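Asks: Pasting the sequence and the predicted model now:
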Amino acid sequence: MEIDFLVTVLLSSLSSAAILLIAAMGLAVVFGLMGVINLAHSEFLMMGAYAALTITKAGVPYLLSIPIAVAITMAIGAVVEILIISRLYGRLFDTMLATWGLSMVLLQLAVLLFGTATPSINLPQFNISIGDYQLAGYPLILIGVAVIMLILIYLLMTKTTYGMQARASIQEPEMAQAIGIESSRVNTFTFALGCGLAGFAGAVLLPIIPATPSMGMAFAVKSFLAVVVAGPVALTGTALTAIGLGGGASITASLLTSVAGEVFFFIITAVLLWRYPMGISAKWRRKL
Amino acid sequence: MSFSKKIHQSSGLIFPAVAVIMALALSTIMDPYLAFIATSWVIFGLLGLSLDIVWGRGGFLSLGQTAFYGLGGYFGSVVAINLAPITGNSLIWALPAGAIFGAIAAGLLGYIIFYARMGALQSTILSYTFTLLLWSVTQSFKMNIGEASISGDSGLSNIPGIILGFDPQAQTLNPNTSFAVVVIISAIIYFITRWLMRSHFGRIIDCIRIDHEKTELLGYDVRKFKLANFVFSGAVAGLAGALFALWSNFLNPSIFSVQEALLIPIYVLVGGLGTLAGPFVGALVIGALSFFLGTEAGGQTTLILGIILIILVLFFKNGLLGTLNALWQKYLPDPNEATRNSGAVQIDANVLQHILKDAEKQAGPAKSLVSTSLFKQFGGIIPVNKVSRNFQPGQPYSLIGPNGAGKSSFLKTCIGMYLPEEGHIYLGDVEISQMRIFDRVKNGMGVKNQKPQVFGELTVINNLWTAAFSQTRSNAKALEISHKILTMLGLSAHANVQASALSHGQQQWLDIGVVLCLAPRVVLLDEPAAGMTNEETRELSLLIRTLARHTTVVVVEHDMEFVRTLEGHVTVLHQGEVFAEGDIQTLRADDRVLDIYLGRRNHV
């Protein structure tokens, strides 16, 4: 097999893994730092995409629309946390049911507001050629985006007061409260951050995935599985599972068929959950 | 017993029966269109019941019920399309086929979830992704099976209606009769479920929901029971799916959609979680609301249902039936009345002797517990380091040591909560080093953890019964044993009190009684005297000494005075290793032991 082909497969697989990582990161942050699974995550992703789309259509440059989309989804996330999530602390499954209901509400609202048609933004697409092969350029940029996103989250968690407080709150919740960390405020920010990251994903993916009310669903299954397989150490764990599962599925897909890629993803997921029923990071000593 | 109380106890029988009779009476005079629509409410209620079985009773929130429902529907339809033209009757094909296929699907998913011992969150998410996966696969799934042709998102049509007559020319029933038939089928399923949930099986399922770990410590293979319960719920869902297919004559992948799946927990929560009848009430209320509110709201059903689910979870966790039940119970005599006038527990040593001799007849002679070079490691910490012990019947054995000495870890390794990396554990002649917890219990191990572990929602006598039944597998024998032990503990007046209403000390005694119900050949007690009064501690000491004459007893304890009264063999553990042993007097005089207890520099 020629080297060009291998490089092409490798790059496109890496970009698939990066896309999954970008889509799943917000979910991982909320799960890792609050122990909550946000089933409305895919709808926040969709809202980010629509926000970026609407803003771009109003004449704002696309790059500038991304931070605005993040701000909007963060604000909505904060409201949701205060109104719903904060009333359900310690009731994991009730939280899941409530966010499930929320996801349906948001989905239906999007259908009402935007319809089911798929308007697109016309960003100049570009290709990169490796030997005889052509690769779309934008997905390759996303690899860099994913790396920068991981680094920024890592810095946020390790170098800022919020990050310290958030980590203290998951490691020793009672102790954190005892030393005066107001965990409810930390949680509100964490949830908003997770929603903002979902919005970021929606906005960043807009050039390759057109905005539709149910666009988030395409990522929902794999994101949930990546986070759940990752287990309690959600950030590092999800980075690993997204690269391993997403990348592996993509390699399988390009070598065999796209169905084989899907099958690979689910079989490996099932095997990992069988082997690590509480997630792969259940016995790790690091906490981030 | 008062009249009101009698009715309350059989309310799950009386009210549904009345509802069924009313529905059957109504079916003759109902508007056919309403009858047609109302049939779907009953079917949704049946689907809700399948979730209540696994969530309300089993404690596992499955978001995969619509998957079994849809699979049952598709499979039941395929069978009915091909075979109903021959016999006429469509129910005899569709219903069993749907139920079996639903059960098989639930069995496969459940096997992965329960036998891998997946976490609760992992289980729920996996069941959810199972539904989502089916939804995306069926969009493009095309296959012809005989006369049936499944064609992706355009679905499966030509499904026969509900036909009762056994004649190829038999006609589909009219909407009113169909409604009556569906009501009767659902009633049969409901009463079977109610019977099952009140049977021994149901009680063990309740125990698993309340305290998963304790149920396993009573010797039940928790995985097997959970799987069986899940398979049953899958069968109910599959049967509901087949009924739905016959009702609508058409299926498409939207049956697997999230919108569809979302409805099920709503039905259960509106009606009341764990009530079994609740989902039918919920489906009726939601169905009737969207029917009578009319078509203006119709387009936004998803929106409204989403909001309803959020509100239910936030404010009305008990649902309609749960709230009614709580109201009713306020006007009934308090079943926990007896706890108000209770004295201290006194052990009758003679009765205890009798019980222990009976246990010996039933379960054989006492067994030894031997560990050889037992080794357990967590990363860099070694809580159990090459511990070799030989525990024999005759005298109690105490394990002492400062905090972090590895006492509890050693005990947990013997119980099977931790599996050792090296070394062996023998129970009698059987090696149990890698055995599952429930198998060790079946082999004669009895465990009492530090905190009292009782099933709070169950009555005192049922707590004891559950343990005795695990050992004897006979209702009569289990009742006999549990009554004896109840008398020995002096708790007879409290037999029908909920265990959660007992005081902390009484719960400790009940837990000890539960362990004795297992007729254990080796008894492991983790800090049994914690939280007991001086008087109770004396009784406990007497009980343990008597117990040690008939079985092997190992006690982990902090209370030196209590250890002294046991007059047995004492092992001092320190940093995971055996540090010293002998009788308590010798050890008390040993400077090295004092050093590690007081933290003096020499040996720390």
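Replies: Sure thing, it's come through.
Asks: Tell me which helix or strand A:Leu240 sits in.
Replies: Take DSSP states H and E as the rule and A:Leu240 turns out to sit in helix A:234-241.
Asks: Over to B:Leu196?
Replies: In this structure, B:Leu196 sits in helix B:175-198 according to DSSP H and E.
Asks: Can you give me the buried ones in that helix?
Replies: By neighbour count, with 16 or more other C-beta atoms under 10 Å in any protein chain shown as the criterion, the buried positions of helix B:175-198 are B:175-176, B:178-183, B:185-187, B:189-191, B:193-194, B:196-197. Any C-beta I mention is one placed from the backbone N, CA and C, and that applies to glycine too.
Asks: got it, and stretch B:67-84?
Replies: Within stretch B:67-84, the residues that qualify as buried by neighbour count (16+ other C-beta under 10 Å) are B:67-81, B:83-84.
Asks: One more: stretch B:107-117?
Replies: Neighbour-count burial for stretch B:107-117, counted by 16+ other C-beta under 10 Å, picks out B:Gly107, B:Leu109, B:Gly110, B:Ile112, B:Ile113, B:Phe114, B:Ala116.
Asks: Surely B:Ile163 forms part of a strand?
Replies: No: note on B:Ile163: no strand contains this position according to DSSP: H, G, I helix; E, B strand; the rest coil, which reports coil.
Asks: ok, so what distance separates it from chain A?
Replies: 36 Å (C-beta to the nearest C-beta, to the nearest Å).
Asks: Going along the chain, name the strands of chain A.
Replies: Remark: strands of chain A, listed N- to C-terminal, are A:127-130, A:133-136; assignment by DSSP state E.
Asks: and B:Ile29, how many residues sit next to it?
Replies: The tally of other residues near B:Ile29 (other C-beta atoms under 10 Å in any protein chain shown) stands at 8.
Asks: again with the one 5 residues further on
Replies: Around B:Leu34 there are 15 other residues, counting by other C-beta under 10 Å.
Asks: Beyond the helix holding B:Leu196, next helix or strand please.
Replies: Immediately after helix B:175-198, counting by DSSP H and E, sits helix B:200-210.
Asks: so what's A:Met278 up against?
Replies: A:Gly231, A:Pro232, B:Met118, B:Gly119, B:Gln122 (C-beta atoms under 8 Å, 6 or more residues apart in numbering or on different chains).
Asks: next SSE after the helix or strand that contains B:Ser50?
Replies: If you go by DSSP H and E, B:Ser50 is part of helix B:32-51. With elements assigned by DSSP H and E, the helix or strand that comes after helix B:32-51 is helix B:65-87.
Asks: Let me know whether that following helix sits next to chain A.
Replies: No: for helix B:65-87, no contact with chain A is found by C-beta under 8 Å from any C-beta of the partner chain; the gap never falls below 12.9 Å.
Asks: Now for B:Trp55, how many residues are close by?
Replies: Other residues lying near B:Trp55 total 24 when counted by other C-beta under 10 Å.
Asks: what's the longest helix in the chain?
Replies: Going with chain A. Criterion DSSP state H: the longest helix present in chain A is helix A:3-34.
Asks: Wait, chain B was what I had in mind.
Replies: Using DSSP H, we find that the single longest helix of chain B is helix B:222-248.
Asks: Just the buried positions in that one, please.
Replies: Within helix B:222-248, the residues that qualify as buried are B:222-223, B:225-248, counting by 16+ other C-beta under 10 Å.
Asks: returning to that earlier point: can you say which of the strands of chain A is packed in most?
Replies: Stretch with highest mean neighbour count among those: strand A:133-136 (a mean of 14; mean count of other C-beta atoms under 10 Å in any protein chain shown).
Asks: if I pick B:Trp55, what's in contact with it?
Replies: Contact analysis of B:Trp55 by C-beta under 8 Å, 6+ apart lists B:Leu61, B:Ser62, B:Pro265, B:Val268, B:Leu273.
Asks: right, and the pair among these with maximum separation?
Replies: B:Ser62 and B:Leu273 (13.1 Å; C-beta to C-beta).
Asks: With neighbour numbers in mind, choose between these two.
Replies: The residue with more neighbours, out of B:Ser62 and B:Leu273 and counting by other C-beta under 10 Å, is B:Ser62; that gives 31 against 21.
Asks: Give the closest residue to B:Ala38 in space, chain neighbours not counted.
Replies: Closest residue to B:Ala38 in three dimensions, ignoring its sequence neighbours and counting by C-beta to C-beta, 6 or more residues apart in numbering or on different chains: B:Phe179, at 6.0 Å.
Asks: Run through who's touching the helix or strand hosting B:Gly322.
Replies: Element membership for B:Gly322 (DSSP H and E) is helix B:319-330. The contact list for helix B:319-330 (C-beta under 8 Å, 6+ apart) reads B:4, B:8, B:11, B:268-275, B:277-278, B:281-282, B:285, B:312, B:316, B:318.
Asks: Could you rerun that using 6 Å?
Replies: B:Leu269, B:Val270, B:Gly271, B:Gly272, B:Thr275, B:Gly278, B:Val281 (C-beta atoms under 6 Å, 6 or more residues apart in numbering or on different chains).
Asks: what packs against the helix holding A:Leu240?
Replies: Using 3 or more C-beta pairs under 6 Å, 6 or more residues apart in numbering or on different chains; DSSP states H and E as the contact criterion, the secondary-structure elements in contact with helix A:234-241 are helix A:3-34, helix A:217-230.
Asks: got a list of contacts for the last one?
Replies: Right, helix A:217-230. Applying C-beta under 6 Å, 6+ apart, the set of residues contacting helix A:217-230 from outside is A:20, A:23-24, A:27-28, A:31, A:42, A:237-238, A:241-242, A:245, A:269, A:272, A:279, A:281, B:122, B:125, B:129, B:132.
Asks: So which bits of chain B are right by chain A?
Replies: In this structure, chain B approaches chain A at residues B:61, B:116-119, B:122, B:125, B:129, B:132, B:262, B:265, B:302-303, B:306-307, B:309-310, B:313-314, judged by C-beta under 6 Å from any C-beta of the partner chain.
Asks: re earlier: could you pull up the mean pLDDT of the longest helix of chain B?
Replies: Within the predicted structure, the mean pLDDT of helix B:222-248 is 96.
Asks: after it, next one along is what?
Replies: The C-terminal neighbour of helix B:222-248 among helices and strands, as given by DSSP H and E, is helix B:258-271.
Asks: Give me whichever of the helices and strands packed on helix A:234-241 is most buried.
Replies: Greatest average neighbour count among the helices and strands packed on helix A:234-241 goes to helix A:217-230 (a mean of 26), per mean count of other C-beta under 10 Å.
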